[in-house]
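A.B. asks: Provided below are the primary sequence and the corresponding predicted coordinates.
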Amino acid sequence: MPRLFTAIEIPHDVGLGLSMLRGGLSGARWIDPENYHVTLRFVGDVDDATAREIMFTLGQVRRPSFDLMLDGLDQFGGHKPRAVFAAVKSSPALMELHAEQERLMQRIGLGAEGRNYKPHVTLARLRDASSRQVADYLATRGPYRSQTFRVPRFVLFSSRDSVGGGPYLVEAAYPLL
């Protein structure tokens, strides 16, 4: 089974707005708009039996749909930037959905996620971009904010073992109430 993760899909119109932020940063490998998403829980490479158990377990999630908004651009990596992203505005519903999935994955025997959860949409992965170049890029894009959008479901994505950025395949979709 390929590498798995759960995520929230980005609506087409929000993705179109994000795609307008592409360009103007050397060393950036821009993510294709159809691959924009907000990761909920990275699972990783698992065998087929574990993948089936994950799919079944995620089907037990019963949460209401909610609204999200992207608010601001930033970068991961500090003095050695490795990605540019759009931040997700604080959302209790999103954090609860993430926490529930974390508990479920641990319950079926997967290890805890090692990093603090910072919801975001990756726009570009960086190679050899200086912190000054990234700061200039972020400064020229001004304060980005998307329209509010409804989250009607989350999905289980698979990806092939690569450098990242897609293509991603929806293995299962789970409606929110």
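C.D. replies: Received the coordinates, thanks.
A.B. asks: The protein: strands as residue ranges?
C.D. replies: In the chain, the segments counted as strands under DSSP state E are 3-9, 28-30, 37-45, 66-68, 70-76, 83-88, 120-126, 149-151, 153-159, 168-175.
A.B. asks: Could you pull out the buried residues of the third one?
C.D. replies: For strand 37-45, a neighbour-count test (16 or more other Cβ atoms under 10 Å) marks 37-41, 43 as buried. Backbone N, C-alpha and C define where each C-beta goes, glycine included.
A.B. asks: where does this structure have low pLDDT?
C.D. replies: Within the chain, the segments meeting pLDDT under 70 span 1, 161-166.
A.B. asks: try it again with 80
C.D. replies: Within the chain, the stretches with pLDDT under 80 are 1-2, 142, 160-166.
A.B. asks: Identify the single longest helix in the protein, thanks.
C.D. replies: helix 92-107 (DSSP state H).
A.B. asks: between that helix and strand 37-45, how many degrees?
C.D. replies: With axes from the mean of the first three to the mean of the last three Cα atoms, to 10 degrees as the basis, helix 92-107 and strand 37-45 are set at 0 degrees to each other.
A.B. asks: re the thing from before, figure out which of the strands of the chain is closest to residue 20.
C.D. replies: Nearest of those to residue 20, taken as Cβ to Cβ: strand 120-126 at 10.6 Å.
A.B. asks: Tell me the gap between that closest one and the middle of its chain.
C.D. replies: 9 Å (Cα atoms, centre = their mean, to the nearest Å).
A.B. asks: before we move on, back to that, which single one of the buried residues of strand 37-45 is nearest to residue 16?
C.D. replies: Using Cβ to Cβ, these come closest to residue 16 at residue 37, 14.9 Å.
A.B. asks: what residues are up against that closest one?
C.D. replies: If you count contacts by Cβ atoms under 8 Å, 6 or more residues apart in numbering, residue 37 has them with 7-10, 121, 157, 168.
A.B. asks: Just grab the bridge partners of it for me.
C.D. replies: Beta-bridge partners of residue 37, counted by DSSP bridges, are residue 9.
A.B. asks: Distance-wise, check it relative to residue 68.
C.D. replies: Using Cβ to Cβ, to the nearest Å, residue 37 is found at 12 Å from residue 68.
A.B. asks: Give the intersection of the neighbour lists for those two.
C.D. replies: Listed as contacting both residue 37 and residue 68 by Cβ under 8 Å, 6+ apart are residue 8.
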